[in-house]
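In: Below are the sequence and a predicted model for it; my questions follow.
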Amino acid sequence: MHIPKYLEVVVSLVILQALPSIANAQMNTGVERQKVHMVSRMYQATYGAQERCRPSREASVKLDMAIEQFRNALPELMSLVDSSPYLPQAKEQFKVFLSKAPAPQNDQALVEECAGIADMLHQLADTPGGQKAADDMIQTLKK
């Protein structure tokens with residue numbers, strides 16, 4: 001299955017835990033960059049994806065269910081995202097992305113893209129590796 005460019009960007013969430021640690025003097029800047037990146041990607045995978053998938057009822061219903069399950073599985077992560085000072089910036093960046101990103105060519109392509117995002121959310125919430133990545137994001141966002 002071809003992974004849409006949009007999903008490739010969102011999947012980078014899981015890779016964030018592999019970033020090297022930085023010296024104390026540089027850590028705040030590095031941590032803040034990580035927070036910006038995490039909030040942006042979580043926004044894209046949840047609220048932004050809901051907006052992008054809304055034109056297709058089939059895609060929207062499946063994604064909404066996945067997001068609800070994700071929120072229930074990781075309430076602390078979503079609370080940190082929702083209360084982040086970086087959330088307005090993430091919203092603006094996503095608006096720019098939507099204005100420039102090519103829309104899927106047909107409803108089936110949109111359904112597949114949104115199903116891929118739903119699968120990624122399930123993996124993040126329901127697998128040991130995903131839960132580890134989510135725990136790492138929580139710890140970083142708390143700093």
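Out: On my side now, so go ahead. Numbering: from 1, shown residues only.
In: What ranges in the protein fall below the confidence cut-off?
Out: Scanning the chain for pLDDT under 70 picks out 1-28.
In: The residue nearest to the spatial centre of it: helix or strand, and which one exactly?
Out: The chain has Met42 as the residue nearest its centroid, 2.8 Å off, counting by C-alpha atoms, centre = their mean. Element membership for Met42, per DSSP states H and E: helix 24-43.
In: how distant is that helix from the center of its chain?
Out: 14 Å (C-alpha atoms, centre = their mean, to the nearest Å).
In: got the contact list for Leu110?
Out: 52-53, 55-56, 59, 103-104 (C-beta atoms under 8 Å, 6 or more residues apart in numbering). Quick note: C-beta positions are derived from backbone N, CA and C, even for glycine.
In: For ChimeraX, what selects the buried ones among these?
Out: To isolate the buried members of these in ChimeraX, using 16 or more other C-beta atoms under 10 Å:
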select :52,53,56,59,104
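In: Can you pick out the most distant pair from the contacts of Leu110?
Out: Farthest pair in the contacts of Leu110 (C-beta to C-beta) is Ala59 and Ala103. Separation: 12.3 Å.
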